[in-house]
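Sharing a sequence plus its predicted fold:
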Amino acid sequence: MELQVNGNKHTVSAASDTSLLYVLRDELDLTGSKYGCGEGQCGACTVLMDGKAVRSCRVPLSATQGKQITTIEGLEKEGQLHPVQQAFLDVDVFQCGYCAPGMIMSAVALLETNPRPSEEEIVAHMNGNICRCGTYPRIVKAIKEASN
Ligand code: FES
């Protein structure tokens, strides 16, 4: 099957019901997206599919046909971090960092549709992304900074 990731076309040999997360990590070596729960509950595996945040652990390869997938590795453009990535660094969000790629991809999806979200809108949108270190206040601050 074919897969479009970060602007590149790949031919992958995995079965059509293989999870997108598995294909990204184990076939394409794009290990930025993380495996947390494998059940669509934690958000660590979040990527964009045609610009919409999806849990890649729950997306079968068959559902990606004809879609553009963007992973954390595809955000940087010409050596420039995406504003959300830069804001996460500036605010020093990271603690263990495991949730960060999924957090950032969810935040990117939010700002694509709502460039100036309120704090309530940020919290509501990010609700499904879990951070075991509890860095939520810094995550909200970074997203606010990226939206300015
Ligand atoms: Fe996909 Fe937790 S690993 S939502």
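It's in.

any idea how far the most centrally placed residue in the chain is from Ser33?
Centroid-nearest residue in the chain, with CA atoms, centre = their mean: Met105, separated by 2.9 Å. Counting by CB to CB, to the nearest Å, the gap between Met105 and Ser33 amounts to 8 Å. Just so you know, the C-beta spots here come from the backbone N, C-alpha and C atoms, and that holds for glycine as well.

can you check Ala107 too?
Distance, Ala107 to Ser33, by CB to CB: 15 Å.

what about stretch 124-141, how long is it end to end?
Taking CA to CA, to the nearest Å as the measure, stretch 124-141 stretches 14 Å from start to finish.

Sort out which residues of that stretch are buried, please.
Residues His125, Met126, Asn129, Ile130, Cys131, Thr135, Arg138, Ile139, Val140, Lys141 are the ones in stretch 124-141 that count as buried (16 or more other CB atoms under 10 Å).

is it true that the first one touches Ser106?
Yes: because the distance of 6.9 Å satisfies CB atoms under 8 Å, His125 is recorded as touching Ser106.

Report the separation between Asp50 and the ligand.
Note on Asp50: its distance to the ligand, by CB to the nearest ligand atom, to the nearest Å, is 18 Å.
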